[in-house]
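Enquirer: Sequence and predicted structure below; questions after.
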Amino acid sequence: MGAILAAEFPMGWLPFAIVLPLIVLALLWVGRLRLAVTATEFQVDDARLPLSAIADVVALDTNGKLEILGVGAHPLAFVIQRPWIGGAVQVLLDDPADPTPYWVISSRHPVELATALLATRRAD
């Protein structure tokens, strides 16, 4: 799409040198995901999960992520999945008031995220 847009401008290579990098930067900015583990909650962009609701955390590799998001996936699971990132974290919940059984969040560093969540949860 970027190449087609750049080709519409009859200025030689200049549109390709400007438009294509801008499109790549825009896609990187849109595709980012902010994860944070605070003293009381797990934050995934605008979503918040109290650490007290976490029963267990499992770091998933690419195959584990594909399995957990496959045909056996729970329909009420909270999923933020980016297909270009292989790893993920499954956060199992223990909250009787919430029908969501687990969260699945894509992460480039699933082991570190799982360790941080478990360490913060145990500190409570």
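Expert: Great, that's in hand.
Enquirer: from here on, contacts and neighbour counts on C-alpha atoms
Expert: Fine.
Enquirer: For Ala77, give me the pLDDT.
Expert: pLDDT for Ala77: 95.
Enquirer: For my notes, confirm Leu27 occurs in a helix.
Expert: Yes: assignment of Leu27 by DSSP: H, G, I helix; E, B strand; the rest coil places it within a helix.
Enquirer: From Pro21, how far off is it?
Expert: 10 Å (CA to CA, to the nearest Å).
Enquirer: repeat for Glu41
Expert: In terms of CA to CA, Glu41 sits 36 Å off from Pro21.
Enquirer: go on, Thr38?
Expert: 35 Å.
Enquirer: before we move on, what about Tyr102?
Expert: Taking CA to CA, one finds Tyr102 at 38 Å from Pro21.
Enquirer: got it, and Asn63?
Expert: For Asn63, the distance to Pro21 - CA to CA - is 32 Å.
Enquirer: what's the answer for Ala53, then?
Expert: 42 Å.
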